[in-house]
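> Pasting the sequence and the predicted coordinates here, then a few questions.
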Amino acid sequence: MARHVDVLIIGAGLSGIGMACHLTREGTGRSYAILERRTAIGGTWDLFRYPGIRSDSDMLTFGYGFRPWHGTKVLADGPHIRRYIADTADEYGVTPHIRFGRKATRASWSSAEGRWTVEAVDEQTGATETYTSNFLVGCTGYYDYDKGYRPRFPGEENFRGPIVHPQHWPEDLDYRGKRVVVIGSGATAITLVPAMSADAAHVTMLQRSPTYITALPADDPVAVGLKRARVPAALAYKTGRARNIALQRASFQLSRTNPKLSRKLLLAAVRAQVGKSVDMRHFSPAYNPWDQRLCVVPNGDLFKVLRSGRASIATDHIDTFTETGIRLRSGEELPADIVISATGLTVQMLGGAALDLDGEPVTLRDRVAYKGALLGGIPNAMVVIGYTNASWTLKADLAAEYFCRLLNHLRDTGQTRFVVEPEPGDISDQSLMGGALTSGYIARGDAVMPRQGTRGPWQAINNYFRDRALLRKAPLEDGIMRFSGETAEREPVPQTRSA
């Protein structure tokens, strides 16, 4: 059963829904379909269901640039984000174009036919379906939905309780009155600790090394004030978004130009929150600010539960699990009924689908990214990868606008194909994300992620203001981008409807 559309999008999460909306907003006139493995819209926000799940970026920049986020919460919870994405899809008529329950397994480009062929499995029936398209867009993010990163812990087979990874939270997990140890120090761990401490007997966050953490108001005071003043929602959103983009960039830039001052400011803010009863070594990383992603806590909720005694932090290495908890290298024993392994992500591209060009397998690690959106030598395709040092959606929006510019240029010039070809010296050994942060999942993803470039548009410098000029305004024909092919009359295509 073959289906053909102009644009085939893989993934109906934040990026995929945004891409589909832009195809309509930018007047491309292209037909499209979305293949989504899950049975609902939302991607990450449909997958993760652990207690307290929330964004780790402010919603004024995490929301779409074209559709205001009307809430005043700085960090929104998972259900509200999921609803926002689904409502956006409904507003722009995207939902009927989604084929749910389809796992893309292979994408093949044919130069002779000038089209992509994608094989997908209907995971409910096991049947294989074939889709063809003129253009392909990967909006699957960069991690494996089937399995998170879960190191094997020494002696874990001796532990009597469950060991749970937050990526696959059991619906029936009862932690009321239980002693819980959360292993990890990233955004997931600092969300779980205060969320679980309300019902657990005690929650301990066990970390090998600290993370920079900063507190923000749960509600944006400016957004609240503008709402009370009855400022039009679109204007308030635009104003707040511009402010927060500038603040994000300023924070990151300060950490790069004056890391000592940045560190001093961050640690002083933590000291003011935790008081003298909490040892600051638990909040004093060995690396500079923004060498790894900065973690944010609304209203200092993590600090509050630490001050109250309902939660604590241990900074140490695991010696071994015991029947009733974890023994650390220092000799200290952490009693536990439940252990949560908030140890991170397993990096994966295109949702695990294989890729080939004219029958030749493609390894994405061998490809270099152009403007952080296209991949060298791969025609009529884009892979959307958001920012690591700012809100994901800022880059996803820009990438979608750029893709639509390319489509409209092809239409206006009567051509059908685009491709970028790097010179040998354009490719570095560094991962596309490796230049910005040194987080564990980024280091592990080096074997999977496309390469960083050495110059010009091959360099991904994670700067929204630079990318905005590059993707929105810079000439499409820059000596690197090549357009070709003659437009053929397109076959009428029936609308692809959701299963």
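Structure's in. What do you need? Numbers count the residues shown, from 1 in each chain.
> Can you tell me how far residue 37 is from residue 63?
Going from residue 37 to residue 63 by C-beta to C-beta, to the nearest Å gives 24 Å. Where C-beta positions appear, they are placed from N, C-alpha and C, glycine not excepted.
> Have a look at those two and say which one is more surrounded.
The residue with more neighbours, out of residue 37 and residue 63, is residue 63; 26 against 22, by other C-beta atoms under 10 Å.
> Report the spatially nearest residue to that one, omitting neighbours in sequence.
Among residues not flanking residue 63 along the chain, residue 69 sits closest, at 3.5 Å (C-beta to C-beta, 6 or more residues apart in numbering).
> What separation is there between that neighbour and residue 252?
Residue 69 is 22 Å from residue 252, by C-beta to C-beta.
> quick check, distance from stretch 190-209 to the centre of its chain.
Centre-to-centre, stretch 190-209 and its host chain are 23 Å apart (C-alpha atoms, centre = their mean, to the nearest Å).
> In it, which residues are buried?
Buried residues in stretch 190-209, defined by neighbour count with 16 or more other C-beta atoms under 10 Å: 190-197, 200, 202-207.
> lowest confidence element among the helices and strands of the protein?
In the chain, no helix or strand scores lower on mean pLDDT, DSSP states H and E than helix 440-444, which sits at a mean of 75.
> Could you list the buried residues of the helix or strand following that helix?
The helix or strand immediately downstream of helix 440-444 is strand 451-453, counting by DSSP states H and E. Buried residues in strand 451-453, counted by 16+ other C-beta under 10 Å: 451, 452, 453.
> by contact count, what packs against the helix or strand following strand 451-453?
The C-terminal neighbour of strand 451-453 among helices and strands, as given by DSSP H and E, is helix 464-472. Packing contacts for helix 464-472, counted by 3 or more C-beta pairs under 8 Å, 6 or more residues apart in numbering; DSSP states H and E, involve helix 233-257, helix 392-413.
> Please name every helix or strand in contact with the first one.
In terms of contact count using 3+ C-beta pairs under 8 Å, 6+ apart, helix 233-257 is assigned the packing partners helix 59-62, helix 221-228, helix 259-274, helix 464-472.
> Which of these sits closest to residue 133?
Counting by C-beta to C-beta, residue 133 lies closest to helix 464-472 out of those; the figure is 22.3 Å.
> So residue 24: helix, strand or coil?
Of the three states, residue 24 takes helix according to DSSP: H, G, I helix; E, B strand; the rest coil.
> need the contact list for it.
92, 93 (C-beta atoms under 8 Å, 6 or more residues apart in numbering).
> The same query, at a cut-off of 6 Å, please.
Counting by C-beta atoms under 6 Å, 6 or more residues apart in numbering, residue 24 touches residue 92.
> Torsion angles phi and psi at the closest residue to residue 352 other than its chain neighbours?
Counting by C-beta to C-beta, 6+ apart, residue 144 is the residue found nearest to residue 352 once chain neighbours are left out, at 6.8 Å. The phi/psi pair for residue 144 (degrees, to the nearest 10) reads phi -80, psi 120.
> quick one: residue 144 from residue 103, how far?
Here residue 144 is placed at a distance of 12 Å from residue 103 (C-beta to C-beta).
> Same check on residue 165?
Distance of residue 165 to residue 103, computed by C-beta to C-beta: 21 Å.
> which is the next helix or strand following whichever helix or strand residue 188 is part of?
Taking DSSP H and E as the definition, residue 188 sits inside helix 187-197. Downstream of helix 187-197, the first helix or strand assigned by DSSP H and E is strand 202-207.
> Now do that following strand and helix 187-197, the angle between them.
Strand 202-207 and helix 187-197 are oriented at 170 degrees to each other (axes from the mean of the first three to the mean of the last three C-alpha atoms, to 10 degrees).
> What helices and strands are in contact with strand 202-207?
Helices and strands touching strand 202-207, by 3 or more C-beta pairs under 6 Å, 6 or more residues apart in numbering; DSSP states H and E, are strand 179-183, helix 187-197, strand 311-315.
> What are the contacting residues of the helix or strand following it?
For strand 202-207, the following helix or strand on the C-terminal side (DSSP H and E) is strand 213-216. Outside strand 213-216, the residues within contact range by C-beta under 6 Å, 6+ apart are 74, 273, 295, 296, 297, 300.
> mind giving me TSV with those residues and columns for pLDDT, distance to residue 307 and secondary structure?
Formatted as TSV, the contacts of strand 213-216 follow (pLDDT from 0 to 100; distance: C-beta to C-beta, whole Å; DSSP: H, G, I helix; E, B strand; the rest coil):
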residue	pLDDT	distance to residue 307	secondary structure
74	91	21	coil
273	90	8	helix
295	93	18	strand
296	92	18	strand
297	93	13	strand
300	92	9	coil
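> Need the max-distance pair from those residues.
Within the contacts of strand 213-216, two members stand farthest from each other by C-beta to C-beta: 74 and 273, at 15.9 Å.
> The two - which one has more neighbours?
residue 74 (23 against 19).
> mind checking how far that one is from residue 316?
Taking C-beta to C-beta as the measure, residue 74 falls 32 Å from residue 316.
> if we can go back for a sec, could you dump the helices and strands packed on helix 464-472 into JSON lines and include distance to residue 321 and mean neighbour count?
Shown next, in JSON lines, are the helices and strands packed on helix 464-472 (distance: least, C-beta to C-beta, whole Å; neighbours: other C-beta atoms under 10 Å):
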{"stretch": "helix 233-257", "distance to residue 321": "36", "mean neighbour count": "16"}
{"stretch": "helix 392-413", "distance to residue 321": "35", "mean neighbour count": "21"}
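> where does the nearest residue to residue 243 once chain neighbours are set aside land on pLDDT?
Among residues not flanking residue 243 along the chain, residue 222 sits closest, at 7.3 Å (C-beta to C-beta, 6+ apart). The per-residue pLDDT reported for residue 222 equals 82.
> what's the closest of the helices and strands packed on helix 464-472 to residue 27?
helix 392-413 (7.3 Å).
> number of nearby residues for residue 260?
Using other C-beta under 10 Å, residue 260 is surrounded by 9 other residues.
> any idea how far it is from residue 431?
27 Å.
> Likewise for residue 281?
With the distance defined as C-beta to C-beta, residue 281 ends up 31 Å from residue 431.
> of the two, who's got more company?
With neighbours defined as other C-beta under 10 Å, residue 281 and residue 431 compare such that residue 431 has more, 22 against 9.
> these two touch, right, that one and residue 446?
Yes - counting by C-beta atoms under 6 Å, residue 446 is a contact partner of residue 431 at 4.7 Å.
> hang on, isn't residue 362 packed against residue 355?
Yes - at 4.3 Å, residue 362 counts as touching residue 355 under the criterion of C-beta under 6 Å.
> which of the two has more neighbours?
When residue 362 and residue 355 are compared on other C-beta under 10 Å, the one with more neighbours turns out to be residue 355, at 22 against 17.
> helix or strand for that one, which one?
Going by DSSP H and E, residue 355 is in strand 354-357.
> That strand packs against which elements?
Packed next to strand 354-357, using 3+ C-beta pairs under 6 Å, 6+ apart, are strand 102-110.
> Give me the sheet partners of the strand it packs on and which way each runs.
Strand 102-110 sits in its sheet next to strand 115-122 (antiparallel), strand 354-357 (parallel), going by DSSP bridges.
> Tell me which of these approaches residue 439 most closely.
The nearest among those, by C-beta to C-beta, is strand 354-357 at 25.6 Å.
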